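# Provided below are the primary sequence and the corresponding predicted coordinates.
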Amino acid sequence: MTQAPHQTGKVVSLAVSTKKGIPKTCVSEVTVVENHGIEGDAHAGPWHRQVSLLAREGIETMVAKGLTVGFGDFAENVATEGIDWLKVPVGTRVAMGNAVVLEITQIGKTCHKPCAIFHRAGDCIMPREGIFGKVLAGGTLRVGDAVSVGAV
């Protein structure tokens with residue numbers, strides 16, 4: 001386990017989709033399944049990018065640049081407030097809500113071709129600011145739940 005500076009924040013959005021490469025639909029709660037991801041989401045499965053995270057602050061930066069985007073538009077599962085994800089190294093554990101624990105497995109991603117999200121939004125921050133994790137402990141996650149980085 002990697003040690004990261006302790007940070008706290010909260011979940012401001014949860015989103016899911018049944019297909020990859022498209023914006024996700026916002027929901028008020030999700031079921032997070034150990035070693036799988038978010039129930040019903042296309043990105044769930046036996047791999048290292050089971051859950052995607054993005055900072056609200058990053059989305060707001062894109063809006064300030066003139067893009068018409070909101071929660072779920074970058075295909076993030078969880079948007080948070082108060083966490084500087086770019087300071088969270090791979091291997092860090094993150095507690096969310098009452099029971100969910102993720103291990104950060106990847107920062108950013110390579111997009112081999114512009115997807116529907118890029119074409120719709122005009123830019124995508126997931127390659128630069130998207131954070132991905134594997135589920136170590138599952139449970140129910142709700143908008144408004146606490147997020148704690150580096151203290152798990």
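Ah, there it is. Numbering: from 1, shown residues only.
# pLDDT value on Val147, please?
What the model reports for Val147 is a pLDDT of 98.
# what residues does stretch 55-74 touch?
Contact partners of stretch 55-74, identified using Cβ atoms under 8 Å, 6 or more residues apart in numbering, comprise 12-13, 15, 17, 23-26, 54, 79-81, 83-85, 117, 120-126, 129-130. In this view, the C-beta of every residue, glycine as well, is placed from N, C-alpha and C.
# separate out the buried members of the residues you listed.
When neighbours are counted using 16 or more other Cβ atoms under 10 Å, those contain these buried positions: 12-13, 15, 17, 23-24, 54, 79-80, 83, 85, 117, 121, 124-126, 129-130.
# in strands, which of these appear?
Here DSSP state E is the test, and those give 12-13, 15, 54, 79-80 as lying in strands.
# so what's the residue nearest the centre of the chain bridging to?
With distances taken as Cα atoms, centre = their mean, the residue of the chain nearest its centroid is Leu53 (1.4 Å). Applying DSSP bridges to Leu53 yields these beta-bridge partners: Val78, Ile131.
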